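**Student:** Predicted coordinates and the sequence they were generated for:
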Amino acid sequence: MLLFYFVVNMEMQDRVSQLNSGFKIPLIGLGTAALPQNEDDLKEAVATALKVGYRHFDTASIYGTEAALGEALSGAFQSGVVMRGEVFVTSKLFASDHENPVSALKTSLK
């Protein structure tokens, strides 16, 4: 397990893209579309991903995983597993939300 952690962590830290802001976003992220819909299982998957080095998480309102992902990340921040500034969360605006993107964004950020 330790060797696996080291290899995954090193590869993930090396694969980044620099944004215009200067931040470096990991190119390898954990997508939540296929994660278990059971909130406790999803939170455990996110906690494990953080422990092995994931710092980028992808979600969308349609996946139904945003709230559990947010709770898992909040717990990790509070317990000191990772700092908020180290984690990226990406989401999507679907075609049905183009008429009112602000409302869709507010829903995603809850």
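**Tutor:** Thanks, I have it.

**Student:** rest of the way, CA atoms for contacts and neighbours
**Tutor:** Noted.

**Student:** now the strands: where do they sit in this protein?
**Tutor:** Per DSSP state E, the chain carries strands over the ranges 16-18, 24-26, 30-31, 56-58, 88-90.

**Student:** Quick one: closest of those to residue 100.
**Tutor:** Comparing the strands of the chain against residue 100 with CA to CA, the closest turns out to be strand 88-90 (18.8 Å).

**Student:** So what touches the closest one?
**Tutor:** Outside of strand 88-90, the residues that reach it under the criterion CA atoms under 8 Å, 6 or more residues apart in numbering are 25, 55-60.

**Student:** thinking again about what came up before, check the strands of the chain for me and report the most buried one.
**Tutor:** Mean neighbours per residue, mean count of other CA atoms under 10 Å, is largest over the strands of the chain for strand 56-58, with a mean of 20.

**Student:** next one: that strand to chain centre, how far?
**Tutor:** In terms of CA atoms, centre = their mean, to the nearest Å, the centre of strand 56-58 is set 3 Å apart from its chain centre.
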